[in-house]
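Trainee: When you get a sec, could you give me coordinates for this:
(chains A and B)
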Amino acid sequence: RKEVEQDPGPFNVPEGATVAFNCTYSNSASQSFFWYRQDCRKEPKLLMSVYSSGNEDGRFTAQLNRASQYISLLIRDSKLSDSATYLCVVNMKTSYDKVIFGPGTSLSVIP
Amino acid sequence: EAGVAQSPRYKIIEKRQSVAFWCNPISGHATLYWYQQILGQGPKLLIQFQNNGVVDDSQLPKDRFSAERLKGVDSTLKIQPAKLEDSAVYLCASSLALAGATRNHEQFFGPGTRLTVL
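Mentor: You can find the predicted model right below:
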């Protein structure tokens, strides 16, 4: 089993729709969780950090379920500019801070 | 604040040639990462430095890849000799995080170097 797995996608949704992405992680010692956004042919950029039970920022809500070892990202009222790849990132506490990126889920918002 | 700088932005070489990439992280960032990202996949960590020491190079193909971070600031990643499957974007990132810290793990990425091996 991969350490971080995400919905395979791609997701094609109309403008204004609500879309949710799921991410699961295998190591229960994982401590910090993040969602990054990567536009086509660009570098990843931090979208949201998820440190406790969840985090909300405008149209974006990230939730963490430690018992089931998954995090989710909910996007409400999708905009064309939300089209990108969303990367789930998990930080595990070992002898150092090990950061693992998921494979990403592609989102296309259609007019 | 200046971001993470990388050069070159693009490189085309033939297989069996050598290539080097350079990265200058954000000033004061202790941790530096090199990732390989193949089209359609998430970034794969190649090597992670904390200051000038290596903390994780478990996925670095050491027979052909090498990296160093002299003086704990900028870093170079080298491939010698290159193979066709090394064609990818090589991303450098940095973060404030130190081992044991529970915050400051946000990674800031450079624009990447797009390598094509023919």
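Trainee: Look up which residues are beta-bridged to B:Y90.
Mentor: Beta-bridge pairing of B:Y90 under DSSP bridges involves B:Q36, B:T113.
Trainee: Please tell me how far it sits from B:V117.
Mentor: Taking Cβ to Cβ, to the nearest Å as the measure, B:Y90 falls 12 Å from B:V117. C-beta coordinates here come from the backbone N, C-alpha and C atoms, glycine included.
Trainee: ok, now A:S30?
Mentor: With Cβ to Cβ as the criterion, A:S30 and B:V117 are 35 Å apart.
Trainee: now do B:K71
Mentor: As for B:K71, its distance to B:V117 is 30 Å (criterion: Cβ to Cβ).
Trainee: Looking at those two now, which is surrounded by more residues?
Mentor: B:V117 (20 against 7; other Cβ atoms under 10 Å in any protein chain shown).
Trainee: Okay, and the beta partners of the more buried one?
Mentor: Using DSSP bridges, the bridge partners assigned to B:V117 are B:I13.
Trainee: avg pLDDT for stretch B:3-11?
Mentor: Across stretch B:3-11, pLDDT averages out at 97.
Trainee: buried residues in it?
Mentor: B:4, B:6, B:11 (16 or more other Cβ atoms under 10 Å in any protein chain shown).
Trainee: So which elements touch the helix or strand where the last one lies?
Mentor: In this case it means B:K11. Using DSSP states H and E, B:K11 falls within strand B:10-13. In terms of contacts (3 or more Cβ pairs under 8 Å, 6 or more residues apart in numbering or on different chains; DSSP states H and E), strand B:10-13 is packed against strand B:19-24, strand B:113-117.
Trainee: Which helix or strand in the chain has the lowest average pLDDT?
Mentor: Chain wasn't specified; assuming chain A. Least confident helix or strand, chain A: strand A:97-101 with a mean of 84, by mean pLDDT, DSSP states H and E.
Trainee: should've been chain B
Mentor: Among the helices and strands of chain B, strand B:53-56 carries the lowest confidence by mean pLDDT, DSSP H and E, at a mean of 91.
Trainee: Need the contact partners of the next helix or strand after that strand.
Mentor: Per DSSP H and E, strand B:53-56 leads on to strand B:65-68 as the next helix or strand towards the C-terminus. Taking contacts as Cβ atoms under 8 Å, 6 or more residues apart in numbering or on different chains, the residues outside strand B:65-68 that touch it are B:34, B:46-47, B:49, B:57, B:60, B:75-80.
Trainee: between those residues, which is nearest chain A?
Mentor: Nearest to chain A among those: B:F49, at 10.5 Å, using Cβ to the nearest Cβ.
Trainee: Turn the helices and strands packed on strand B:10-13 into JSON lines, columns for mean pLDDT.
Mentor: Converted to JSON lines, the helices and strands packed on strand B:10-13 look like this (pLDDT from 0 to 100):
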{"stretch": "strand B:19-24", "mean pLDDT": "97"}
{"stretch": "strand B:113-117", "mean pLDDT": "97"}
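Trainee: Kind regards, and thank you for your time.
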